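>>> coords below, sequence missing:
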């Protein structure tokens, strides 16, 4: 049986970029688990926002999170109250200075090549089934 390369890994650095951009000589495993936990908690907390991907940068002792979403207004909230609350919660959780960037994606499924668009489409469908919407979202 031949050895198979994952399509994302095959395209990485050529047509795709890294989902996390940071380097650590020490505490690599701790930072990696922190990244995974942040992504999971953000996806859970912002289900209704239509998140297609989350990118993490760690310049120095700071944390920059870029959220690609089809509904930025849900994340930002009225007068930026929701994003400030989210930033405060993440800063308390990670003990780092947190910057959050919101990038609007016109179609949540448009970023399907990264794999996150598929999750987003499936989540929309599941939400539609739960609420009884025949279209699925």
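It's in. Please read these numbers as outputs of a predicted model, since none were measured by experiment.
>>> and the longest helix seen in the chain, how far from the chain's centre?
Across the chain, the longest stretch assigned as helix under DSSP state H is helix 28-45. Counting by Cα atoms, centre = their mean, to the nearest Å, helix 28-45 is centred 10 Å from the centre of its parent chain.
>>> likewise for stretch 40-51?
The chain centre lies 8 Å from the centre of stretch 40-51; the measure is Cα atoms, centre = their mean.
>>> buried residues in it?
42, 43, 46, 49, 50, 51 (16 or more other Cβ atoms under 10 Å). All C-beta atoms are positioned from the backbone trio N, CA, C, and that covers glycine.
>>> surely the second one meets residue 54?
In other words, residue 43. Yes - using Cβ atoms under 8 Å, residue 43 is in contact with residue 54, at 7.3 Å.
>>> just to revisit the earlier point, next secondary structure after the longest helix of the chain?
Of the helices and strands lying after helix 28-45 in sequence (DSSP states H and E), the nearest is strand 51-57.
>>> buried residues in that next one?
Neighbour-count burial for strand 51-57 [16+ other Cβ under 10 Å]: 51, 52, 53, 54, 55, 56.
>>> please apply the same query to stretch 11-31.
Buried-residue list, stretch 11-31, by 16+ other Cβ under 10 Å: 19, 22, 31.
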